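**Q** sequence and computational prediction follow.
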Amino acid sequence: MTDKAKNHWWILLLLALAQFMVVLDTSIVNVALPAIEKAFHMNQSSLQWIVTAYTLTFGGFLLLGGRAADLFGRKRLFMIGTALFGLASLIDGLSQSGGMLVALRATQGLAAALMSPAALSIVLVTYREGHERNTALSVWGAVASGGAAAGVLLGGIITEYLGWRWNFFINVPVALGVLYASWKMLPAHESEESHNDLDLPGAISITAAMMLLVYGLVEAPSHGWTAGSTLGLLGGAIALLVFFIANELRSDHPLVPLGIFRLRNVTGANLTMMPIVAGMFSTFFFASLYIQTVLGYSPVKTGLSFLLIPVAIAISATQIPRLVKRIGYKPILMVSPLLVATSLFLLAHVPVHGTYLHDLLPGFILLGLGMGATFVPVTIAATSGVSGRQSGLASGLLNTSQQIGGALGLAILTGVATSSTATYLKHAAHGDKLAVMTAQVHGFHSAFYVASGFMIGASLIATFVLKQRGSQGVAQDDPAIAPVHAG
């Protein structure tokens with residue numbers, strides 16, 4: 001292996017570590033929420049914002065972060081985002097109130113929106129399209145899909161033995177290490193564009209639209225899908241999205257050149273990503289609740305119960321590039337979501353008096369294998385054929401699809417579980433603890449069934465939208481990615 005090749009792999013490990021930190025923070029606090037609730041005397045409605053504030057700003061600013069990386073330099077944006085992430089994490093751990101913690105979690109989300117698309121775009125321009133890039137993206141995909149499971153594991157261990165504040169403190173030395181290594185190892189990655197005009201009307205409108213959409217989806221289960229506040233938020237998001245599209249058609253330097261959607265595999269992969277994440281990441285939420293509230297596991301035991309998922313992810317993700325090289329990514333994306341759907345179907349049958357080995361482990365192993373086999377090819381599909389100057393944009397689109405899919409999935413599945421539980425309780429004996437627990441598990445079953453349906457939908461999108469030869473890419477100057485203008 002040449003010195004240049006070795007350096008490329010060190011760069012990949014560095015960027016994967018940063019991405020791992022970003023994904024980890026979407027789930028690491030879940031097991032710590034009861035301890036935070038007790039520390040700051042927070043109620044349930046305010047407690048959820050510790051998670052929501054992060055995903056809200058993360059999802060809202062991703063397109064802005066991705067395009068800014070293309071315009072102002074990937075290395076610069078990546079390092080700014082990493083520094084801000086580490087600083088926000090430090091102050092998170094020092095928080096003196098729930099409101100302070102929520103505000104700083106929002107700052108973490110903004111920093112993540114600068115880091116993640118810049119990091120992925122560096123990967124895209126570092127490796128040649130084809131097997132070399134697919135191998136690199138297999139590492140990236142394993143990190144992206146395994147981070148959520150690892151977050152539950154680490155969150156449980158850290159909360160029980162070090163305290164909830166260390167869920168944030170742990171990011172600080174990692175961020176400092178990433179910053180130093182980035183300064184020493186990363187090439188300049190200056191802008192490849194001939195201008196640095198950031199489309200501010202487009203940036204403001206799409207960021208506001210994404211934040212209103214995510215906020216509306218998160219709040220809908222508690223306020224009601226037909227409530228005035230929910231309809232107002234979702235209506236505002238649609239109006240801003242219409243304005244954004246009209247602005248992009250008129251702009252000389254649009255934030256999102258709409259011509260990128262002429263690349264059928266970019267569009268298809270993003271459409272496939274949304275239901276995958278909608279069903280997949282919500283699984284961790286319901287499985288964690290089942291393990292803690294029904295099986296009665298401690299935080300650390302809950303975290304350890306998820307250990308085999310990232311192991312299974314790593315096993316399948318590292319084998320996928322060879323398979324992509326042989327058969328392409330479309331057949332894999334037709335089948336792998338069905339593997340996850342099978343795991344969710346198994347989890348939809350967990351009993352009240354269940355056991356880990358019999359009722360959870362088979363589903364968890366299938367879930368991990370399916371996740372590793374899904375995230376890698378969908379990342380390859382979403383970034384193939386995109387020119388280097390728009391790699392940040394493609395990265396931002398993929399990450400946005402992931403965040404919006406996660407928010408939509410959690411909102412829908414929480415509503416399904418809550419409604420199913422309430423319906424079951426109407427026919428149960430009041431005050432019977434077993435009946436209440438049975439109703440809760442019945443709600444989990446309904447959520448897992450719907451999540452399984454999301455996976456089947458993702459398989460169908462991959463079947464009918466993706467093109468098999470997309471893995472070969474297109475020429476860098478493909479006219480399909482030229483800006484689209486009105487008239």
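**A** Received, thanks. Numbers count the residues shown, from 1 in each chain.
**Q** my read: residue 161 touches residue 298, true?
**A** No - between residue 161 and residue 298 there is no contact under CB atoms under 8 Å: 11.1 Å. Backbone N, C-alpha and C define where each C-beta goes, glycine included.
**Q** just for the chain, where's the confidence low?
**A** 1-6, 43-46, 129, 141, 144-146, 189-197, 386-392, 428-431, 469-487 (pLDDT under 70).
**Q** run through the neighbouring helices and strands of the helix or strand hosting residue 109.
**A** Using DSSP states H and E, residue 109 falls within helix 98-126. For helix 98-126, the packing partners by 3 or more CB pairs under 8 Å, 6 or more residues apart in numbering; DSSP states H and E come out as helix 3-24, helix 33-40, helix 44-47, helix 49-72, helix 74-93, helix 131-161, helix 391-426.
**Q** okay, the ones you listed in JSON lines with distance to residue 240 next?
**A** Output for those, formatted as JSON lines (distance: least, CB to CB, whole Å):
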{"stretch": "helix 3-24", "distance to residue 240": "25"}
{"stretch": "helix 33-40", "distance to residue 240": "31"}
{"stretch": "helix 44-47", "distance to residue 240": "26"}
{"stretch": "helix 49-72", "distance to residue 240": "11"}
{"stretch": "helix 74-93", "distance to residue 240": "24"}
{"stretch": "helix 131-161", "distance to residue 240": "28"}
{"stretch": "helix 391-426", "distance to residue 240": "14"}
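**Q** pull out the buried positions in stretch 155-170.
**A** 155-160, 164-170 (16 or more other CB atoms under 10 Å).
**Q** need the contact partners of it.
**A** 27-32, 35-36, 39, 89-90, 92-95, 154, 298-304 (CB atoms under 8 Å, 6 or more residues apart in numbering).
**Q** kindly report the same for stretch 293-307.
**A** 31-32, 149, 152-157, 159-161, 284, 287-288, 291-292, 352, 354, 356, 360, 364, 437, 440-441.
**Q** quick check: domain ranges of the chain?
**A** 3-187+255-474, 204-254 (automatic domain parsing).
**Q** need the winner for burial among those domains.
**A** Most buried of the domains of the chain, by mean neighbour count (mean count of other CB atoms under 10 Å): domain 3-187+255-474, with a mean of 21.
**Q** tell me the contacts of residue 310?
**A** 146, 149-150, 153, 368.
**Q** how about 10 Å then?
**A** 142-143, 145-153, 317, 368, 371-372 (CB atoms under 10 Å, 6 or more residues apart in numbering).
**Q** now, the most widely separated pair of the residues you listed?
**A** Maximum pairwise distance in the contacts of residue 310, criterion CB to CB, is 18.4 Å, between 152 and 317.
**Q** if we can go back for a sec, nearest to residue 100, of the helices and strands packed on helix 98-126?
**A** Closest among these, once you apply CB to CB, is helix 74-93, at 8.1 Å.
**Q** and the closest one with helix 98-126, angle?
**A** Inter-element angle recorded for helix 74-93 and helix 98-126: 160 degrees (by axes from the mean of the first three to the mean of the last three CA atoms, to 10 degrees).
**Q** let's see helix 74-93 as PDB, backbone CA atoms only.
**A** The C-alpha trace of helix 74-93 is given here as PDB (Å, rounded to 0.1, in the frame of the first residue of the first chain):
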ATOM      1  CA  ARG A  74     -14.900  21.400   3.200                       C
ATOM      2  CA  LYS A  75     -12.000  21.300   5.600                       C
ATOM      3  CA  ARG A  76     -12.900  24.800   7.000                       C
ATOM      4  CA  LEU A  77     -16.600  24.000   7.600                       C
ATOM      5  CA  PHE A  78     -15.700  20.600   9.100                       C
ATOM      6  CA  MET A  79     -13.300  22.100  11.600                       C
ATOM      7  CA  ILE A  80     -15.600  24.900  12.500                       C
ATOM      8  CA  GLY A  81     -18.400  22.500  13.100                       C
ATOM      9  CA  THR A  82     -16.200  20.100  15.100                       C
ATOM     10  CA  ALA A  83     -15.000  23.000  17.400                       C
ATOM     11  CA  LEU A  84     -18.500  24.200  18.000                       C
ATOM     12  CA  PHE A  85     -19.700  20.600  18.700                       C
ATOM     13  CA  GLY A  86     -17.000  20.100  21.300                       C
ATOM     14  CA  LEU A  87     -17.600  23.500  23.000                       C
ATOM     15  CA  ALA A  88     -21.400  22.900  23.100                       C
ATOM     16  CA  SER A  89     -20.900  19.400  24.500                       C
ATOM     17  CA  LEU A  90     -18.600  20.800  27.300                       C
ATOM     18  CA  ILE A  91     -21.200  23.400  28.300                       C
ATOM     19  CA  ASP A  92     -24.000  20.800  28.000                       C
ATOM     20  CA  GLY A  93     -22.200  18.800  30.700                       C
END
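**Q** understood, closing this out.
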